[in-house]
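Engineer: Pasted the sequence and its predicted model underneath.
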Amino acid sequence: MENSASSEAFVRFEGVQKSYDGKVLVVKDLNIDVPRGEFLTMLGPSGSGKTTSLMMLAGFETATHGNIYLDGRSINNVAPHKRGIGMVFQNYALFPHMTVAENLAFPLKVRNMGKSEIETRVKRALDMVELGSFGDRRPAQLSGGQQQRVAVARALVFEPDLILMDEPLGALDKNLREQMQYEIKHIHERLGVTVVYVTHDQSEALTMSNRIAVFNDGIIQQLAPPTELYEKPTNSFVAQFIGENNKLSGTLQSTQDGICTVRLPTGELVTALDINTDDIGKESTLSLRPERVFLDPVEGQCDNVFTGKVEEVIYLGDHKRVRMNVCGHDEFIVKVPNSTDNKGLQVGGTAPIGWSSKDCRALDPI
Amino acid sequence: MMANTVEAKGQLTPDEQKRLTADMHRSLRRKKIRALLLVAPLLIFILVTFVSPIATMLFRSIDNPQVSEYMPNTTAALARWDADSNELPDEATYAALVTDLKVGRENHTIGKAATRLNYEKSQMRSLLTGTARKAGRLEPPFKEQLIKINDGWGDIDNWRVIKRESSPYTASYYIAAFDMETTPAGEIRMLPEQQRVYLQMLWRTVWMSLLITALTLLLGYPVSYLLASLPMGIANTLMILVLLPFWTSLLVRTSSWIAMLQGQGVINDILVWFGLVSDDNRLSMIYNATGTVITMTHILLPFMILPLYSVMKTIPPSYMRAARSLGATPFTAFVKVYLPQSVPGISAGAILVFILAIGYYITPALVGGQTGQFIGNMIAYHMQSSLNWGLAAALGVVLLALVLGIYALYSRLLGSNNQMSLR
C-alpha cells in the first residue's frame, strides 16, 4: 500500500497512444484503471481501437506513447510470455496438433512444472469447464462451444491474475453464446480473476461486465457500469450504441437547474435533462429510450405530450414495436406491452404519446 | 408412381433400401459420365504420349531379341547343347552358326547380335564380325575351320555366353546396372572394384539430392515464414522475386552459374581481389559436385518455397500469440506450435525437391564435371552415345523403383502426420 494510486489499479493505462502508420492514431490518449477482480469490457464498433488496446496489454503491440502498468509496474518493455496474462482468442487458437489435455498442459510445461502437478491441474481445469472426459480428443473433434470452454480453461490453468478475452464468443450461434456468457461470468465470480474483455456485442457486454468502456474513434466515450451506461448515457454515441434509442434533433432554447428546453425543427418544445449541451441556440440531440414513451398518457403522467401517426406495427409476442411519425421524425419507436387494451393500433391512425422529461436526455449533436 | 418412390417414414425395408440405392446411383451416373468426359482428352493424351512409351522403355530392360532373332539356327542348335558338359558343341551347331553368319552378313544384321554379345563378354563383337566376313567361302565340315579362323570358337565360355543370351528375355541389364557380371559358368558376382560405376553413381545421386533438399529447406523455410507473415501486398511482390527464376530458361540459369563459379569467374575474382584466396590457388566450385549442389539448390529453391508458403499461409498468427501469452518463449512457441503445423509443407516441399533432384539431368551435365554427374546423366549416355538402351532402361527402372520406395517410406512416416493436421 505504499503508492496507493497504482496499487489500487491492477491494470492501468496512462496516456496510451497507438499509431500503425505514423499518420492516424488508432488509440488516442487512453486512460483506464482496472481494479483487481473487475470484469471490464471494452465495447465498440470495429476499428474503434478496443482490440488494439487489448493487444497492447497482452504485449503483441507496442504503445507508441504512454505507459501500461500491471500490478504497479510498467510492462512496456516486458515480453508477452513474461507478463503472465491468460488470453482467450477470437478463434480460440487451440493448437490443432495437440490433444485437449496437451493444450492445457502447454502453459504448465513451459513453466517446467512437475508431471503429477500438471496432471492434477489439467484435470481440475477440465472439470471446471465440465469437459473432464474430453482430454484425449483433438480440438477439431469438439464443437464450437466445447472448444471455447477449452480455450477458457487453457487461459486459466496456469492461474494468471489477469485474463484477456478478444471477442471469444464471436463464432458461436446465438443460444450457445448466451449460455457461454453466463458460464464465463460465473467462472469470473468464482475465481475472482481480473478480466478485460473485448466485444462489439452490447448485450454481451451488459450481461457480463462490472464496468464497460465504450470505445469509438480511439477514445473512450464513456466508462461506467452497465445500468448507468444504459440509463444515463453521457453522449449521443453511447446512447445510440447501447440499446435502442429515439433521437430527436433540435436547438437549445433555455436551460435552468439541469432542465432544458429544446425546440424541434417543426416548432414543438421539448423539456429534457440537460446532460451534455452546448450554448443556447446551438444544436442538441435528444435521447429517449422507446420503453419510456407512453401511449395514451394519463393526465399529468408526462410533461411532454405530442401526437404520433402510426407508420408500422411489428408484433414481437410479448410486446409490439410501433414505428411512428412524431414531430416530423418518422423513425420514432415506441414499445407497447402486449395487452388487450391497445388492440386498436392501426397503421395510418394517430395516438397521443408522451414521456417524462426525466427520461429524456439532451446530448451533443450527432 | 407410388411403387417407385420410397416412403420416407420409419425403417426402410431391404427392398426399399435397394431401390433407394439404385435411385441414388442413377442420379449420380450422369455426373460421373460428365466427369469422365472432362478428363478424357488428357487421359488419352497421357496414355498415348507418356505411359505407353515409358512402358515400352521399361520393357526394353528385359527384352533380349538380338541373338534369338538374328542367329535363329544357332539358337535352335544350342538348345540341344548342354552348357555344363565341358565339351564344344557338335558339328551341326557350327554349321548353323555359319548359316547365321552368312545370312546376317547379307542382311547387315549380324552386327546387332555381335554388339549384344559384346555387352556380356568383350571381343565377342570382333569374333562374330571377323568370322562373318570369311564365312561365305567356307565349305563343310566347319568346326575345325572356324576354330582355325579364330580360336575363340574353340572356347567353351564363348558358346556359353551365346547360349545364355539366346533366350528372348534377360536379367543381364539389371545385373550390369548393379555393377555385377555373370561369369561364363553362370555365377553372378560383383565386378572388380575399379570397374564399378552405377551403384556409386546411384548412391551419389541419392546423397547429393538429400543434401540439395536439406539446403533448399534451410534457405527456403525462413523466406517462406517471412512471406507468410508479411501483409498480402508486400508478400505478393516478394513472391514475384521467388518466381522470377521460372521466367528464365533453365539453361540460362545454369550457364550464369558457370560465369559466377568458374576459376576466372565472378566469385573467385572477388575473393582474389579481397585477398582471401591467392590468385594461383583459386577455388574450384564448378565442374564438380560442389557446382552441381550450388546450382541445383538455386534452381530447385522455388519448389521448396511454394509448398511451404502455401501451408504457412494457413497457420493463423494467433497460434504463436496464444503460445506466447501462455508463457512460451518465442523459440519454444516456434518449435512446439509453429513447426509441427508447418510439417505438411516441409514434407511436401522436401519430397518435391528430392524427386526432381534425383532425376535431374541438364544441370549436372553442364556443371557436374566428373564428380558431380547424376545417374540421369549415365542413362542419357547409354541412350545417346553407347546406344545400350537395355542398360539405360534398366537404370531407369532402378531409379523409378528408388523414387517409389522413398515415396512409400515418406507416406508411411509422414502420411499419418499430414492427415492428423488436416483433420
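Structural biologist: It's in.
Engineer: Is stretch B:227-241 in proximity to chain A?
Structural biologist: No - counting by C-beta under 8 Å from any C-beta of the partner chain, chain A has no neighbours in stretch B:227-241; the shortest distance is 10.9 Å. In short, each C-beta sits where N, CA and C put it, glycine included.
Engineer: List the buried residues in that stretch.
Structural biologist: B:227-228, B:239 (16 or more other C-beta atoms under 10 Å in any protein chain shown).
Engineer: Return the member of these nearest to A:Leu40.
Structural biologist: Closest approach between the buried residues of stretch B:227-241 and A:Leu40, by C-beta to C-beta: B:Ala228, at 34.3 Å.
Engineer: Return the per-residue confidence for that closest one.
Structural biologist: Looking at B:Ala228, its pLDDT is 93.
Engineer: Can you lay out the buried residues of stretch B:227-241 as a markdown table showing secondary structure?
Structural biologist: Compiled in a markdown table, the buried residues of stretch B:227-241 are given as follows (DSSP: H, G, I helix; E, B strand; the rest coil):
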| residue | secondary structure |
| --- | --- |
| B:Leu227 | helix |
| B:Ala228 | helix |
| B:Met239 | helix |
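Engineer: For A:Lys335, state which of those is nearest.
Structural biologist: Closest to A:Lys335, out of all of those and judged by C-beta to C-beta, is B:Ala228, at 51.0 Å.
Engineer: what number of residues lie near the closest residue to that closest one other than its chain neighbours?
Structural biologist: In space, and not counting its chain neighbours, B:Ala228 is closest to B:Met312: 3.6 Å by C-beta to C-beta, 6 or more residues apart in numbering or on different chains. Look at B:Met312: counted by other C-beta atoms under 10 Å in any protein chain shown, it has 19 neighbours.
Engineer: Show me chain B divided up by domain.
Structural biologist: B:66-159, B:198-422 (automatic domain parsing).
Engineer: ok, the residue of the stretch 101-250 of chain A found nearest chain B - contacts?
Structural biologist: Using C-beta to the nearest C-beta, the closest approach of the stretch 101-250 of chain A to chain B is made by A:Pro107 at 3.8 Å. Applying C-beta atoms under 8 Å, 6 or more residues apart in numbering or on different chains to A:Pro107 gives the contacts A:154, A:157-158, B:326-328.
Engineer: Going by neighbour count, which of these comes out on top?
Structural biologist: Busiest of the contacts of A:Pro107 [other C-beta under 10 Å] is B:Leu326, holding 31 neighbours.
Engineer: Isn't that one up against A:Val110?
Structural biologist: Yes - at 6.8 Å, B:Leu326 counts as touching A:Val110 under the criterion of C-beta atoms under 8 Å.
Engineer: Find the residues that touch each one of these two.
Structural biologist: A:His81.
Engineer: Output the set of residues of chain B in proximity to chain A.
Structural biologist: So chain B meets chain A at B:316, B:318-319, B:321-330, B:332-333, B:336-337, B:340-341, B:420-421, B:423 (C-beta under 8 Å from any C-beta).
Engineer: Please pick the buried ones from those.
Structural biologist: For these, buried by 16+ other C-beta under 10 Å: B:318-319, B:321-328, B:332-333, B:336-337, B:340-341, B:421.
Engineer: all helices for the stretch 151-300 of chain A, in order.
Structural biologist: Assigned by DSSP state H, counting those that start in this stretch, the stretch 151-300 of chain A shows helices spanning A:174-191, A:202-208, A:226-231, A:236-241.
Engineer: Could you identify which of those is most buried?
Structural biologist: Highest mean neighbour count of the helices of the stretch 151-300 of chain A: helix A:236-241, a mean of 22 (counted as mean count of other C-beta atoms under 10 Å in any protein chain shown).
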